[in-house]
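Undergrad: Here is my input, please return the structure:
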Amino acid sequence: MHPVQTILILANLIAFSLLLWRGGTVERLAVAALTAAQVLSVILLPWDIDGFRIGVMLVDVALFGSLWALAEYGRRWWLVACAGFQLIIVVSHLAPFLAQERLGWAAVTLQWVAWSFVSLTAFVGIWEASAARRFAQEGRDGARMDHGGGARAAASVE
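TA: So this is what the prediction gives:
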């Protein structure tokens, strides 16, 4: 295993553990989808047609669909970003059709970089879940910014 993969797996382990602990239902479903995709990618890696990793591509497409659905349902910005980075990974699977072998390594590098951003957005998800919980406890939905009542110089954003 490449050291970059080891670092990403450790970062995901930390982020996913914190999301399971601090997150809500949407975060837990996202962690389940992301973890399942990692495991299935390793299992389906041998599904290869002339260098085209069809098994991994199918897992990545399914993960993109899951993240997109969770972003629509859960209304979390970190899931929107995560789905966007996953879409980059899905599109990078088309690289073998666009050029010869030299683009293959660029596609793999792009996938690692995009997965790094997926890992980073999971850490943002920890903050967003905590902020959503705090807003819910304060009776706010996060769409309004009002820091008290009465007349004062600072205007409220509505």
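Undergrad: which regions of this structure sit below the pLDDT cut-off?
TA: Within the chain, the ranges that satisfy pLDDT under 70 run 51, 99-102, 140-158.
Undergrad: can you map out the strands along it?
TA: For the chain, strands defined by DSSP state E do not occur.
Undergrad: so where do the helices sit in it?
TA: Here the chain has its helices, by DSSP state H, at 3-22, 25-43, 54-74, 77-92, 95-98, 102-137.
Undergrad: Could you identify which of the ones you listed is most buried?
TA: When the helices of the chain are scored by mean count of other CB atoms under 10 Å, the highest mean neighbour count falls to helix 77-92 (a mean of 20). To be clear about C-beta, it is placed using only N, CA and C from the backbone, and glycine gets the same treatment.
Undergrad: helices or strands next to it in the packing?
TA: Counting by 3 or more CB pairs under 8 Å, 6 or more residues apart in numbering; DSSP states H and E, the packing neighbours recorded for helix 77-92 are helix 25-43, helix 54-74, helix 102-137.
Undergrad: Relative to the whole chain's centre, how far out is the shortest one?
TA: Relative to the mean C-alpha coordinate of its chain, helix 25-43 is positioned 10 Å out (CA atoms, centre = their mean, to the nearest Å).
Undergrad: any idea how far I9 is from the residue positioned nearest the centre of the chain?
TA: Nearest to the mean C-alpha position of the chain, by CA atoms, centre = their mean, lies C82 at 2.9 Å. Separation of C82 from I9 (CB to CB, to the nearest Å) stands at 17 Å.
Undergrad: likewise V108?
TA: V108 is 16 Å from I9, by CB to CB.
Undergrad: burial of H93, as a residue count?
TA: Close neighbours of H93, defined as other CB atoms under 10 Å, add up to 18.
Undergrad: where's it relative to Q86, distance?
TA: According to CB to CB, H93 and Q86 sit 11 Å apart.
Undergrad: Mutual contacts of those two, please.
TA: The contact sets of H93 and Q86 overlap at D60 (CB atoms under 8 Å, 6 or more residues apart in numbering).
Undergrad: beta partners for F52?
TA: In this entry, F52 is beta-bridged to I49, by DSSP bridges.
Undergrad: How many residues are close by it?
TA: Per other CB under 10 Å, the neighbour tally for F52 reads 16.
Undergrad: My understanding was that it contacts P96; is that so?
TA: Yes: assessed by CB atoms under 8 Å, F52 is found in contact with P96 at 5.5 Å.
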